[in-house]
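Visitor: the following comprises the amino acid sequence and a computationally predicted model.
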Amino acid sequence: MALDLTQAADMFTQSISSTVKTVTGSDVRLIAGFSQTQLQALAQQSALVAGMIEVNAFTAAERMFYLDGLDQMARGFVNTFVQIVEVEIEKIYNAVVKAIYDSIGTLAGVKLAVPGAP
């Protein structure tokens, strides 16, 4: 029996799309919540530093200390965000590969071992 390639391609499209939506659904909300919280904290700290600089409340050394602190907060946020996104990309990749192997198995009537799966 020959496969209908159009129908097979549609099956892969549906399987991959569904898998990506399932994997990213709740994670996207968590990432957005984390980002919003961290950005709010960074914005509030920045506003505080700006207000203190405006009223000339810092010595030169204190000013540099607080500005460096803001830089570290921003760097920490970005580094953490990148790491979260890298984990998410890996989860999506693994889910897509599994969906492809499962779909091939269904179409071919065989059970395929998914690479990297336990």
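Guide: It's in.
Visitor: what about this protein, any weak spots by pLDDT?
Guide: For the chain, residues meeting the criterion pLDDT under 70 lie at 1, 117-118.
Visitor: which residues of it fall in helices?
Guide: With DSSP state H as the criterion, the chain has helices at 5-54, 60-108.
Visitor: identify the residue nearest K111 in space, chain neighbours excluded?
Guide: G105 (5.6 Å; CB to CB, 6 or more residues apart in numbering). No exception for glycine: its C-beta is placed from N, CA and C like everyone else's.
Visitor: save the helices of the chain as TSV, and put in mean neighbour count too.
Guide: What follows is the helices of the chain, written out as TSV (neighbours: other CB atoms under 10 Å):
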stretch	mean neighbour count
helix 5-54	13
helix 60-108	13
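Visitor: can I get these in CSV with distance to V114?
Guide: Formatted as CSV, these follow (distance: least, CB to CB, whole Å):
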stretch, distance to V114
helix 5-54, 12
helix 60-108, 5
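Visitor: so V97 sits against V114, correct?
Guide: Yes. Using CB atoms under 8 Å, V97 is in contact with V114, at 6.3 Å.
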